[in-house]
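> For reference, the sequence and a predicted model appear below.
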There are 2 protein chains.
Amino acid sequence: MTIETQDEQRTATKDRLVAAPISHDVGFLLAKLHAGGSAVNNRALAEFDLKVRSYSVLLLADSGLEPTQRELADFLSLDPSQIVALVDELEKRKLVVRAPGNQDRRAKTVTATSKGSELLAQAAIAARDAESEVLAALDDAEAAQLKALLRKALWG
Amino acid sequence: MTIETQDEQRTATKDRLVAAPISHDVGFLLAKLHAGGSAVNNRALAEFDLKVRSYSVLLLADSGLEPTQRELADFLSLDPSQIVALVDELEKRKLVVRAPGNQDRRAKTVTATSKGSELLAQAAIAARDAESEVLAALDDAEAAQLKALLRKALWG
DNA sequence: ATCAATCGTTGACATTTTCAACTATGCATA
DNA sequence: TATGCATAGTTGAAAATGTCAACGATTGAT
């Protein structure tokens, strides 16, 4: 009873501020869901010694699109120097390889090794579970709708 | 012509990676839209010497809900020590005041001053414009739908 | 009256972000 | 073809942010 009382108060006050107008600010909603989401994702990926960042790079490296580091930086909204560090670590673990760009010898494309692809296959399962945990309050149609709206907001 | 050629290539390659499966990962979509969004928001708020963080605190302080610092930390997904720094700065600028908690003398509630409310009224306009810039690709109904889905994902 | 838990605060530490160089390469044109 | 300007990757430093452990003051339960 005593602990329950505390918990009730805690959960009662926990969402008290939802009434504030900031809860209608898209920027805030994105930040909050993203904060919770990356925590869940990082926890799920820790088993594979990956974070959302390295997982994203590995995923793109395995896409067959042979992205250059510059493209990775642009696409992931990261500084090129951060890509260097991420690829360095993945390459050290033999999960990806750097190859000289096909038409541009300045560029380096990042491609997953077979070892990287295998790890990714496992990690992707964990990531999928994490995603459904983050979106647990939405049914399948709503989750799909959310994805579609985010994609449209980003790329029209 | 020369510059146009470069630009065409750049915009052509810019979204090349959208084809990668990561573009269907909600975590990634949230991260990317959030990254772009906070950049736009911070730029819009710079005029008032605010960032999205301090703007959020000011908005909650002005909500009439008299949030405690602990509630602000939970709601904004920040460490309590970060709230201290944010409130310190806003209080130094006479935009908010700390008041002892009503029932709990350990807690401190954060409330906007009239000066804070006035600044907020201006900043809110800039923030609203920034939001519509971020969601420019969505029509009004879609933007409302996106908000509703984000709110449901967060609070059910 | 005591004991564990919570609030705000401080300070240390780690991580992440941002920026300015630098080399090598590419591209356009004089 | 030589020259100048822009770009890819890299390095390293500085700034901003995030994380965490401790502490005094206060609370609430026993």
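Right, received. Where do you want to start?

> Same question for stretch A:132-146: list its buried residues.
For stretch A:132-146, a neighbour-count test (16 or more other CB atoms under 10 Å in any protein chain shown) marks A:134-135, A:138, A:142-143, A:145-146 as buried. Bear in mind the C-beta positions are built from the backbone N, C-alpha and C, glycine included.

> Closest one to DNA strand C out of the residues you listed, please.
residue A:134 (18.7 Å; CB to the nearest atom of the strand).

> Now for that closest one: which residues touch it?
A:33, A:36-37, A:40-41, B:26-27, B:153 (CB atoms under 8 Å, 6 or more residues apart in numbering or on different chains).

> Which two of the residues you listed have the greatest separation?
Pairwise distances across those (CB to CB) peak at 14.5 Å, for the pair A:41 and B:153.

> Neighbour count for the two, which is higher?
Neighbour count, other CB atoms under 10 Å in any protein chain shown: between residue A:41 and residue B:153, residue A:41 has more, with 28 against 23.

> if I look at that one, how far off is chain B?
Distance, residue A:41 to chain B, by CB to the nearest CB, to the nearest Å: 5 Å.

> and that residue, helix, strand or coil?
Of the three states, residue A:41 takes helix under DSSP: H, G, I helix; E, B strand; the rest coil.

> Residue A:77 reaches residue B:34, doesn't it?
No. Using CB atoms under 8 Å, residue A:77 is not in contact with residue B:34; the gap is 9.1 Å.

> The two - which one has more neighbours?
residue B:34 (25 against 14).

> so where does that one fall, helix or strand?
helix B:26-45 (DSSP states H and E).

> Tell me which residue in chain A sits closest to DNA strand C.
Counting by CB to the nearest atom of the strand, chain A gets nearest to DNA strand C through residue A:105 (3.1 Å).

> need the strands for chain A, in chain order.
A:96-100, A:108-112 (DSSP state E).

> right, so those: which one is the most enclosed?
Between the strands of chain A, strand A:108-112 has the highest mean count of neighbours, a mean of 21, where neighbours are mean count of other CB atoms under 10 Å in any protein chain shown.

> Which residue, neighbours along the chain excluded, lies closest to residue A:38?
residue A:52 (5.4 Å; CB to CB, 6 or more residues apart in numbering or on different chains).

> from what I can see that neighbour touches residue A:45, true?
Yes. Contact status for residue A:52 versus residue A:45: in contact at 6.7 Å, counting by CB under 8 Å.

> what does chain A have sitting close to DNA strand D?
Counting by CB under 7 Å from any atom of the strand, the residues of chain A lying close to DNA strand D are A:2, A:5-6, A:68-70, A:73, A:80-81, A:83-84, A:87-88, A:98, A:101, A:104, A:106-108.

> Go ahead and build a ChimeraX selection from the buried members of those.
The ChimeraX selection below is limited to those of the residues of chain A next to DNA strand D classed as buried (16+ other CB under 10 Å):
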select /A:68,69,70,73,83,87,98,108
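
> Let's test this: name the helix or strand in chain A with the lowest mean pLDDT.
Lowest by mean pLDDT, DSSP states H and E among the helices and strands of chain A is helix A:2-14, with a mean of 45.

> ok so, going back, got the strands of chain A as CSV, with distance to DNA strand C and mean pLDDT columns?
Shown next, in CSV, are the strands of chain A (distance: least, CB to the nearest atom of the strand, whole Å; pLDDT from 0 to 100):
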stretch, distance to DNA strand C, mean pLDDT
strand A:96-100, 9, 96
strand A:108-112, 11, 98
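
> Kindly present those strands as JSON lines, with separate columns for distance to residue B:120.
Formatted as JSON lines, the strands of chain A follow (distance: least, CB to CB, whole Å):
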{"stretch": "strand A:96-100", "distance to residue B:120": "47"}
{"stretch": "strand A:108-112", "distance to residue B:120": "45"}
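
> got those strands as a markdown table, with distance to chain B columns?
Output for those, formatted as a markdown table (distance: least, CB to the nearest CB, whole Å):
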| stretch | distance to chain B |
| --- | --- |
| strand A:96-100 | 14 |
| strand A:108-112 | 11 |
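
> buried ones in the helix holding residue B:34?
For helix B:26-45, using 16+ other CB under 10 Å, the buried residues are B:26-34, B:36-38, B:40-42, B:44-45.

> For chain A, which residues are neighbours of DNA strand C?
Checking chain A against DNA strand C by CB under 7 Å from any atom of the strand, the hits are A:6, A:51, A:53, A:78-79, A:81-82, A:103-106.

> Reformat the residues you listed as a markdown table; add distance to residue B:125.
Output for these, formatted as a markdown table (distance: CB to CB, whole Å):
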| residue | distance to residue B:125 |
| --- | --- |
| A:6 | 42 |
| A:51 | 38 |
| A:53 | 35 |
| A:78 | 31 |
| A:79 | 31 |
| A:81 | 36 |
| A:82 | 34 |
| A:103 | 47 |
| A:104 | 45 |
| A:105 | 50 |
| A:106 | 44 |
